[in-house]
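Engineer: model the following, please.
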Amino acid sequence: MHKDASGTAKYGASAGNGVVLLFSKKGDNKRTTASFDYYIGRQQVWKKPDLMNTSEFKKYYDLVRPNDTIFNKLDTLYTTDWMNLSFHDAKTEDY
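Structural biologist: Next comes the predicted model:
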């Protein structure tokens, strides 16, 4: 078993976990068989953090900094769900 840089250099990045070479001293007349293993799956975020929306943030900010007027027009701004935009399902394959 090659489990070093030479295995990766010869057989590519998929050989990072090691390469097994099999040699046979003599052949036989039996039927030739081949097998192929393939895995496909989907990954998704298990638990997204619970974040404040725009109105909750404005209430919190007004409570913490009551004299600051920087967010007075915050209620008129659009609300964006950054968690849904940042995380999406991912396809995974292994063969």
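
Engineer: tell me the pLDDT at residue 56?
Structural biologist: At residue 56, the pLDDT value in this model is 83.

Engineer: ok, it - how many residues close by?
Structural biologist: Number of residues near residue 56 (other CB atoms under 10 Å) recorded here: 10. (Each C-beta comes from the backbone N, C-alpha and C, glycine too.)

Engineer: and for residue 69?
Structural biologist: Using other CB under 10 Å, residue 69 has 7 other residues around it.

Engineer: quick one: secondary structure of it?
Structural biologist: Put simply, residue 69 is coil when judged by DSSP: H, G, I helix; E, B strand; the rest coil.

Engineer: what pLDDT does the model give it?
Structural biologist: Taking residue 69 on its own, its pLDDT is 75.

Engineer: phi, psi for residue 85 please.
Structural biologist: Geometry field for residue 85 lists phi and psi as phi -80, psi -30, criterion degrees, to the nearest 10.

Engineer: got it, and residue 40?
Structural biologist: Dihedral angles of residue 40 (phi, psi; degrees, to the nearest 10) stand at phi -130, psi 140.

Engineer: burial of the residue nearest to it when sequence neighbours are not counted, as a residue count?
Structural biologist: With CB to CB, 6 or more residues apart in numbering as the criterion, residue 40 has its nearest non-adjacent residue at 5.3 Å, and that residue is residue 93. Residue 93 has 8 neighbours, counted by other CB under 10 Å.

Engineer: for residue 58, same thing?
Structural biologist: Residues near residue 58, counting by other CB under 10 Å, number 17.

Engineer: please confirm that it is located within a strand.
Structural biologist: No: judged by three-state DSSP, residue 58 forms no part of a strand; its state is helix.

Engineer: what's the closest non-adjacent residue to residue 44?
Structural biologist: Excluding its sequence neighbours, the residue lying closest to residue 44 (CB to CB, 6+ apart) is residue 89, at 4.7 Å.

Engineer: tell me if I'm right that the one you found and residue 43 touch.
Structural biologist: Yes: contact criterion CB atoms under 8 Å: residue 89 and residue 43 qualify, at 6.9 Å.
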